[in-house]
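In: fold the following, please.
(one chain, ligands or ions: 2)
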Amino acid sequence: MQIYQGKSVYEGIAIGKIRVCKKGEQQARRIPVTDINGELERFHQAQEATIGQIEDLYGKAREEMGEGNAAIFEIYEAILTDDNYVNDITTLIKKNGYNAEYAVTVIKEKYLQMFAAMDDEYLKARALDIRDISERLLDALQGGKKSRIEDEESIIVLSEELTPSEALQLNLEKVVGFITVEGSLYSHTAIFAKTRGIPALINVDIGMDTSLDGKLAIVDGVGGHFYVEPKQDVLQECMQKLRTVKEEKQILLSQQELNSIYDKLKICICANIGNIKDVEALKDLNIKGIGLLRSEFLFFERKDFPTEEEQFECYKTVLEAMQGKHVVIRTLDIGADKQCAYFHMESEENPALGMRGIRVLLENRELFLTQIKALLRASAYGNLGILYPMITSMEEMTEIKEVLEQAKTELTREKNLFGTPTHGIMIETPAAALISDLLAKEVDFFSIGTNDLTQYTLAMDRQSSKLEAHYNKYHPAILRIIRLITENAHKAGIPVSICGELSADISLTEEFIKMGVDELSVAFGMIPILQKKLVELSK
Ligand code: PEP
Ligand code: MG
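Out: Ligands and ions are numbered 1, 2, ... in the order given. Predicted coordinates:
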């Protein structure tokens, strides 16, 4: 048994098999081949196995995410069976005596360069498909290691650092825990783990050794330990802890009982979700609604922009599932640590201070307009609030209203039905906080994003693990600023929600209630803990 220490992101226990996710691409070495026919046979077998895998993925994606989102796998299959692509690889094996892995890698590079040189953005984005396909072929050539481990029921993902988009691409039904070598407690990956209620440790001093693949391990998010090949007594102890954690999380209160607590304390709990699949998990939790649905997932899960129709269907599904409860959907908040390859965003010196949130949307009006039209249409099917991220000025509000007007005009002309959602803004920059008295007159609600508000107020990168010792989330400046925002909102008669990670910090719940905060929107994995706190405070 080996024991490693890490920082806990989500306190829970996970038992499963390790899956090592190495960053970057697989580099194949050139190995001289004498049996050319045997090598060709190896390649064709890998090609067939990969096609089989892609077909499975297509079926699964179509079921879970609809035809539109699944279409990418059809493209994959077309590439894998494309004569030019296949001939290019087999020619290198036949003529140059390359091993199949090396031939696949050389042709991958050739196609990547070819796609990168294209003007058409759509074709440029196909480079990603070639990369993905080549890696799958390499996996298959190396014995299909990935897929064997994916067959396991419970997987603990071990990676250097996972980006939110990589995390979303994992088969989350099977992922029970995350271990990352790098990472910061406030990164989006950490938030992602919390949102999904997945036990996770970051800054674990473990090598990315592929021999760990498939080994039994335990993530102990309570004690901050990662056990590889645990001894029987540790395994038994952790299984017992796992049962206790599960029991503690059982919600014992009815919706009615909770509502009376909400009334008494004048605060309510909503959920933050980052994926349409999470809606299912909310069914058993007696929450007021969804306080933050990060719409990024719709963009991350795919290889190209979602259409208005696809977005509409997705938002409508969430609204209908929530049966009239308030659902706040945030418009795309991309930039900084949330990157999406097909956006081709230019790299910046200081991405957190650069193109992100509303700035990206206002620069890309068509993209923004498409999302707004989809949201307006969906709002006819439920109780929707549209939330705009990273606001810093009144001018942005004017521009947002112009886009809204344009969207309504177009929908009317297209004879598309739409509803009347409410509109809110994220207060997550000191600028927005300081003019919150003015902004409050322009919108129906505020949502305080303490993750960014803290990083911008303290001038400390939320991603930096080096700054963690100085990153004081209880800094008096943060609490003062939340108080100021709440007062300004209430003067204008609009409600305030906190949707950053601080909302789930039970050492602050009483303070937030005293400040008059109306709603705490928390990662759904944290809901039972916060509900318990409210019960305690209501006594
Ligand atoms: C925040 O900044 O607090 C927030 C909720 O937004 P995100 O974490 O998605 O940037
Ligand atoms: Mg934010």
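In: now the stretch 201-350 of the chain, which segments are flagged as low pLDDT?
Out: Filtered on pLDDT under 70, the stretch 201-350 of the chain yields the residue ranges 247-252, 301.
In: go again using 80 as the cut-off
Out: 209-210, 222, 241, 243-255, 277, 281, 283-286, 301-303, 336-345 (pLDDT under 80).
In: equivalent analysis for the stretch 351-500 of the chain, please.
Out: For the stretch 351-500 of the chain, the ranges with pLDDT under 80 are 463, 465-466, 468-469.
In: get me the contact residues on it for ligand 1.
Out: Neighbours of ligand 1 within the stretch 351-500 of the chain, by CB under 6 Å from any ligand atom: 428, 449-452, 499-500. From N, CA and C alone the C-beta is placed, and that goes for glycine too.
In: quick one: buried ones out of those?
Out: 428, 449-452, 499-500 (16 or more other CB atoms under 10 Å).
In: which ones, among those, also lie beside ligand 2?
Out: 428, 449, 452 (CB under 5 Å from the ion).
In: at which residues are the helices of the stretch 151-300 of the chain located?
Out: Along the stretch 151-300 of the chain, counting by DSSP state H, counting those that start in this stretch, helices occupy 164-169, 188-196, 232-248, 255-265, 278-282, 296-300.
In: mean confidence for stretch 90-100?
Out: Averaging pLDDT along stretch 90-100 gives 92.
In: report the secondary structure state of Ile31.
Out: Counting by DSSP: H, G, I helix; E, B strand; the rest coil, the backbone at Ile31 sits in coil.
In: and for stretch 385-392, what's in contact with it?
Out: 292, 326-331, 333, 356-359, 372, 375, 379, 396-397, 400, 421-429, 431-432, 439, 444-445, 447, 449, 452 (CB atoms under 8 Å, 6 or more residues apart in numbering).
In: buried among the residues you listed? Need that as a selection in ChimeraX.
Out: Those of the contacts of stretch 385-392 that count as buried under 16+ other CB under 10 Å are selected in ChimeraX with:
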select :292,326,327,328,329,330,331,333,356,357,358,359,372,375,379,396,397,400,421,422,423,424,425,426,427,428,429,432,439,445,447,449,452
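In: can you list the domains in this structure?
Out: As given by automatic domain parsing, the domain ranges for the chain are 2-22+147-247, 36-141, 255-426+498-538.
In: quick check: which of the ones you listed is nearest to Ser465?
Out: domain 2-22+147-247 (4.7 Å; CB to CB).
In: which ones are touching the residue in the stretch 201-350 of the chain that ligand 2 sits nearest to?
Out: Using CB to the ion, the single residue of the stretch 201-350 of the chain nearest to ligand 2 is Asp333, 6.3 Å away. For Asp333, the contacting residues are 294-296, 356-357, 389-390, 426, by CB under 8 Å, 6+ apart.
In: check Glu348 too.
Out: Going by CB under 8 Å, 6+ apart, the list of residues near Glu348 reads 354-355.
In: and it, what element?
Out: Using DSSP states H and E, Glu348 sits in no helix or strand.
In: same question for Lys95.
Out: helix 83-96.
In: for the helix or strand just after that helix, packing partners?
Out: Going down the chain from helix 83-96, the next helix or strand is helix 100-116, by DSSP H and E. Applying 3 or more CB pairs under 8 Å, 6 or more residues apart in numbering; DSSP states H and E, one finds that helix 100-116 contacts helix 36-80, helix 83-96, helix 121-141.
In: pick the one among the buried ones among the residues of the stretch 351-500 of the chain next to ligand 1 closest to Lys60.
Out: Cys499 (31.3 Å).
In: Gly449 versus that closest one, what's the distance?
Out: Distance of Cys499 to Gly449, computed by CB to CB, to the nearest Å: 6 Å.
In: Ile485 too?
Out: For Ile485 relative to Gly449 (CB to CB), the value is 11 Å.
In: overlap in contacts of these two?
Out: Contacts common to Ile485 and Gly449, judged by CB under 8 Å, 6+ apart, are Ile427.
In: residues of this structure that sit close to ligand 2?
Out: 428, 449, 452.
In: so the first one touches Thr457, yeah?
Out: Looking back up the chat, that one is Glu428. No - here Glu428 lies out of contact with Thr457, judged by CB atoms under 8 Å, at a distance of 9.7 Å.
In: residue of the stretch 1-150 of the chain nearest ligand 2, please.
Out: For the stretch 1-150 of the chain, CB to the ion, closest residue to ligand 2: Val9, 17.3 Å.
In: what's around that residue, how many residues?
Out: Neighbourhood size, Val9 [other CB atoms under 10 Å]: 26.
In: sheet partners, orientation included, of the helix or strand containing it?
Out: Following DSSP H and E, the helix or strand that holds Val9 is strand 7-10. With DSSP bridges as the test, strand 7-10 is paired with strand 200-202 (antiparallel).
In: gap between the strand it pairs with and the chain center?
Out: Centroid displacement of strand 200-202 relative to its chain, using CA atoms, centre = their mean, to the nearest Å, is 16 Å.
In: equivalent analysis for stretch 493-513, please.
Out: 22 Å.
In: list the buried ones in it?
Out: 494-505, 508-509, 512-513.
In: ok, the closest residue to Pro32 other than its chain neighbours - how many residues close by?
Out: In space, and not counting its chain neighbours, Pro32 is closest to Gly97: 6.6 Å by CB to CB, 6 or more residues apart in numbering. Gly97 has 15 neighbours, counted by other CB under 10 Å.
In: show me what contacts Gly97?
Out: 32-34, 36.
In: what's the angle between the longest strand along the chain and helix 232-248?
Out: In the chain, with assignment by DSSP state E, the single longest strand is strand 13-21. Counting by axes from the mean of the first three to the mean of the last three CA atoms, to 10 degrees, strand 13-21 lies at 110 degrees to helix 232-248.
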